[in-house]
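Engineer: Turn this into a structure:
(4 chains)
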Amino acid sequence: MGKKLFRGGVHPHDEKERTASLPVVDAGLPERLFLPVSQHIGAPAKPIVTKGDKVLGGQVVAEAAGFVSVPIHASTSGTVRSVAPYAHPLGAEQLAIEIEVDGEDTFVEAEGPMEPIADPFNHDPNEIKTRILAAGIVGMGGATFPTHVKLSPPPEIGIDTIILNGVECEPFLTADHRLMLDRPDDIINGLKVILAIFGLDSGFIGIEKNKPDPIALMQDKAASLGGVEVKPLEVRYPQGAEKQLIHAISGRDVPSAALPMAVGTVVQNVATAVAIWEAVTQGKPLTSRICTVTGDGVKEPKNLLIRTGTPIGYLIEQCGGLTDDIAKVIMGGPMMGLSQYTLDVPSTKGTSGLLCLPASQVRTEPQKSCISCGRCVSSCPMGLSPTTIYNFIDADRVAEADEWDTLDCIECASCSYVCPAGIPLVQYIRYAKGRVLARRRQLGT
Amino acid sequence: MTELALLFVASVLVNNFVLSRFLGICPFLGVSKKTETALGMGFAVVFVMCVASIVTWFIQRYLLYPLGLGYLQTIAFILVIASLVQLVEMVVQKVSPALYQALGIFLPLITTNCAVLGVAVLNIQKDYGFVETVVFSVGAALGFTLAIVLFAGLRERLDLSDVPKAFEGTAIALVTAGLLSLAFMGFAGLAK
Amino acid sequence: MIEAALVLGGIGFLAALGLGAASIKFHVETDPRVEEVAEALPGVNCGACGLTGCNALAEAIVAGGALPNACIPGGEDVSKNIATIMGLDAEKAEKFIAVLHCKGVHGKAIDKGQYLGIPDCRAAALVLSSPKGCNYGCMGLGTCERSCPFDAIHMGDKGIAVVDAEACTGCGSCVRACPKSILDLRPLSMNVHIRCNSPLSGKQIKALCSVGCIGCGRCEKICPVEAISMSRGLAIIDAEKCVDCGMCAQVCPTSNIDDALAPRRDLLIEEEKCIGCTKCAKVCPVDAIEGEKKEVHKIHQEKCIGCQRCVQVCPVDAVMLGAERPKPGAKKKTSEAATDG
Amino acid sequence: MKPTLYITSSPHVFDGDSVSKIMWTVSAALLPSALWGFYLFGLPALAVTALCVAFSAIFEAVAQKLRGREVTIEDGSAVLTGLLLAMNLPAAAPWWLCVFGAATAVLLGKQVFGGLGHNPFNPALVARVVMLISFPVEMTDWTVSSGVLADAVTAATPLGEAKTFLMSPERGQLPQVALMDLFIGMRPGSIGETSTLLLLLGAAVLYVRRIITLDIPLGFIAALLAVTIPAYMLAPDKYLSPQLHLMTGGLMLGAFFMATDMVTSPLNGKGRLVFGIGCGLITAIIRLWGGYPEGVSFSILLMNSTVPLIDRYTKPRKFGFVPVKKGGEA
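Structural biologist: Below you'll find the predicted structure:
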């Protein structure tokens, strides 16, 4: 069992001191919720309510449309006001279900398909997976890939390693940090449910060493509950990226263009484990999560418990509002988060943080020429040469960009972080990916 | 032995055909846009140069000199070279159509590549023996290949550069070739 | 002297033998058309086509990798000859040009925020879909401009692309380059275009852009030939059906629809000039022109839509522009304009 | 009120380094050696340096203006080019040579290729080599008219001296030079190349600031030693000792400041090592057997020309490239 550190990576200041010691507080109920039908990777869910319908918390308002899709549940009770395109974190309007909150916050009974499972560790794995789907659970680290899909590898693939991701390598964010402090038992139990699905008896939880308190607590709990090994990991971004985490914990390298299951591994976020545990034992669908609202652009940084679909403006209000010199609002962390243009945007199942940056912390200088310093090459955790890809795609030479492994990029942004010329390398590579894929389609490969 | 080694090094580096004798500039500029093509051109030139040198050496030594027909040197040599190039062209077209495509017009133009005739004539001028002729022409050809491949690498990079409009294309290629030649002057005095 | 001739002749003979043998051994089948096309090309190996020489281009054309008109210096004659060799229809089809379906200039369309990043539409589309508030409109970062091989599209200073109809050849490079599919190819003869690409509802559009198509459907209703259809919140003109009457442009409440001929005018035939060639009657899309062959023709004003096609075809300039025509639905238009103002 | 927000692609935080910080840091790291040069060679050295720096900046600004680009002399790259050029010139260089050098470096070496980041060759070295070939007399005029070294020592650098000596048919005793003097820099030479100690100090700063990596200089020096040590052991009367090779000529300046130029060196570690070794070997060959006494400039220029090929063939190994062993060690 080699504990290896991946090549490359960067050391951004972790900036977690703002919120690491703040307990999670409930953000409360906004007046209106907007539930986008697309909160996960895969087919958008299909709305099954119409304007004027009364809904209860936990009620399905949009059902899964295909295998790689999950249902959406109302996150509180109220009346459906519209089902129409609405602002979405990705920028393009998406169909969203608008609910006028009634304030009662009544939830549907956990019965029928959501009836609590008494002995989840010895239950039929397929039923557990069905439950996970029914609860609308997706990867809560930010990628929002439907969890039931991840837990259903093709039968010929043997899964022997389950890893819970408690790394939280994104600077500023402390949502998983607080979750691990508040609910260690649920995390470990959630992990055990996943282990039970695969008939395994031990799994791992990876946590970066800059979080000593959760490491100590989780190690304690792991010792008493058994079957779980807590792995403190070196602090280096992107330690929490799937492939790098697997490398660090089991020493296995996920092959290029393959999924973790290719090396018999399944990685889940700690928050996903808690959601699984709640869904299985309490019949609760995924309707809330912890979100860190932080940065120098917000008056009182906090860790909030938020309902899915809450407009981010409401969340920021709960934190004292924005400062006057606000210049950037980012959904997610500073390395991979999406900058937002309106506070109307609703939070989703993957909103782990809201980062507000004042003008003084936003880089506005235009990009300069690449001076071939090679820092992007040495910082790339995937062993790519970002500047080469940038040069090729900038010259419209898509074939060469493809040869230089554009598609292997995990968009961790380490290259842009270190670039002294301020070249938005990640954006170039994301752009290159689109071009490369289009070209491959054209060539029919 | 040392003599031959020195001759070889000198013909590759010191008296590099392209960069210090300035022979064979046409394909050097023409077929140096891509490294692979440049390499293919280099090898085609290696082949033509070596075989041409050997054949012309024999013709000169055993045909033209004995018959007192030294004045036919140029025309006879060109005849030989032209036939060889024709042969190479046919072979390349058959064996590697892709390379044939990439070399395009410059493949038949090896005929008029002054480097090839240059080597053949120099062999005679310097009164080289057979072994020396072979070593010298292999060296010269490899020197040509080295220069054209290095240059192709640089030009590929220049393609991605933000060269001022006035210098785009051949202009910047010539500047680069000049600087490359400058760097090769460092070998001056090495193995005369 | 004889020796010299013998020696050279001998070398030549031997070389010929060798090459002859080699040409049999290394024979490569080639398409006879390659030679023909190569013959038709100028043969100067200038490289303007981007290939290594005329032979390379000939092969590319025969293999389908290049168009018959790839030789720029050769011009039209060469491309015609090559097209004949290749058995392609050299006849000129109707000329198309690129048309931008967006009117969201600075001041009319809002921005999401201050965009910082790659100044290229395709790359900018990855950040929140578009720097503009409207995710369907022209981002104005010039990807089409850079993709145009004929320098026929420019960004100007208003923040959207402007097509130079003279220079545009309808090659479609910009259409393929635009990540938002705002550009498409329309017949050069078309004068009426919808300048919006957004399917959003009227309410949503109005918040983002004051000149977008709000999907009110008035153009659809007024169109005499059913050339306009509504797709979600967006009107689309079917170029095949459109008769270019421009009525839609006159009723559009946000002035989104452009009519190059506006204001439309009455058309009159000068009786002294008309020679009765019937060309105008044939070209009239609404059969508003009447007249026997070799007799003076007449335009029925109640049918005429003012498209001016008759003006263009008349060989003797007998069709004249008359007074400005009244707008259909003019009353509504003014009231809308007041509230929009 | 809705605030206007910046919208960008990720990431949203940066490590704060910039091109201009890098350029100014390298310039600062060269300063001790430059000051030492002023101390050794007096006011002429200062004048040469000032001329080179000033005219480099001027030519850069002019070229950028002509192209209609933003003038970016404040990013320090032109200043650094001028400074590096001056460090490679003798203090006795006439003023017009400095201006010519600055023009060659900035215009021919850099701006014709598109400016910073696009030049395939190190601009300062392009200028130095052009000048060395065009004006060999002025470029090897080591007379010292003021400063501490004035009239104190011979008029040749130890390396040039040794070469002339070793090549001359009736050789006597090679003048002995104290190694300590060489290390500190008590010797004639180009303005910035004399003090091994101060150059190493500057290099240490660059290393700590992560502006240079050690693969190039170490590869360079190791390869040089790999040739010169055996040569000296086989024929000590014919070749210079390795320690003299290390501390004379422009080796230290070249290995730590010129070969490590980011723009003209390979992108990744493996490539940089190859690059450094190539520099070392060519330097050794020119020094031992070539016509010029010094080969550092030529070797770096030659290796500059190989950078595109090196980059191409030392593509980094991507993560997950190695086929996975089934079962692993779990």
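
Engineer: all contacts plus neighbour counts: C-alpha atoms, from now on.
Structural biologist: Will do.

Engineer: The closest residue in space to residue A:217 that isn't next to it in sequence: what's it in contact with?
Structural biologist: Distances taken as C-alpha to C-alpha, 6 or more residues apart in numbering or on different chains place residue A:181 nearest to residue A:217, at 7.0 Å, with adjacent residues excluded. Neighbouring residues of residue A:181 by C-alpha atoms under 8 Å, 6 or more residues apart in numbering or on different chains: A:213-214, A:217-218.

Engineer: can you give me the strands for chain C?
Structural biologist: Taking DSSP state E as the test, the strands found in chain C are C:96-100, C:114-116, C:153-154, C:162-163, C:183-187, C:192-194, C:228-231, C:234-237, C:257-259, C:265-269, C:289-290, C:298-299, C:319-324.

Engineer: Mean pLDDT and mean neighbour count for the ones you listed - can I get that in CSV?
Structural biologist: As requested, the strands of chain C are arranged in CSV below (pLDDT from 0 to 100; neighbours: other C-alpha atoms under 10 Å in any protein chain shown):
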stretch, mean pLDDT, mean neighbour count
strand C:96-100, 90, 24
strand C:114-116, 90, 19
strand C:153-154, 92, 20
strand C:162-163, 92, 19
strand C:183-187, 90, 19
strand C:192-194, 92, 23
strand C:228-231, 89, 16
strand C:234-237, 91, 21
strand C:257-259, 90, 22
strand C:265-269, 85, 20
strand C:289-290, 86, 20
strand C:298-299, 86, 21
strand C:319-324, 83, 15
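
Engineer: returning to that earlier point: find the helix or strand that the residue nearest to residue A:217 is a member of.
Structural biologist: helix A:175-182 (DSSP states H and E).

Engineer: Same question for that helix: list its buried residues.
Structural biologist: By neighbour count on 16 or more other C-alpha atoms under 10 Å in any protein chain shown, the buried set for helix A:175-182 is A:175-181.

Engineer: Within range of chain B, give me the residues from chain C.
Structural biologist: Chain C has residues C:3-4, C:7-8, C:11-12, C:15-16, C:19, C:22-23, C:26-28, C:45, C:52-53, C:55-56 near chain B, with proximity defined as C-alpha under 8 Å from any C-alpha of the partner chain.

Engineer: which stretches of the stretch 51-200 of chain C aren't confidently modelled?
Structural biologist: C:51-52, C:72-73, C:88-93 (pLDDT under 70).

Engineer: Recalculate using a threshold of 80.
Structural biologist: C:51-53, C:55-56, C:63-77, C:86-95, C:171 (pLDDT under 80).

Engineer: Leaving out the residues flanking it, which one is nearest to the closest residue to chain A within it?
Structural biologist: Going by C-alpha to the nearest C-alpha, chain A is nearest to residue C:128 of the stretch 51-200 of chain C, at 3.7 Å. Closest residue to residue C:128 in three dimensions, ignoring its sequence neighbours and counting by C-alpha to C-alpha, 6+ apart: residue A:91, at 3.7 Å.

Engineer: Could you check the pLDDT of the one you found?
Structural biologist: The model reports residue A:91 with a pLDDT of 87.

Engineer: my guess is it meets residue C:131, correct?
Structural biologist: No: the criterion here is C-alpha atoms under 8 Å, and residue A:91 misses it with residue C:131 at 9.2 Å.

Engineer: thinking again about what came up before, would CSV of the strands of chain C with distance to residue D:195 be doable?
Structural biologist: Below are the strands of chain C laid out as CSV (distance: least, C-alpha to C-alpha, whole Å):
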stretch, distance to residue D:195
strand C:96-100, 66
strand C:114-116, 46
strand C:153-154, 58
strand C:162-163, 62
strand C:183-187, 65
strand C:192-194, 74
strand C:228-231, 77
strand C:234-237, 75
strand C:257-259, 75
strand C:265-269, 88
strand C:289-290, 97
strand C:298-299, 98
strand C:319-324, 89
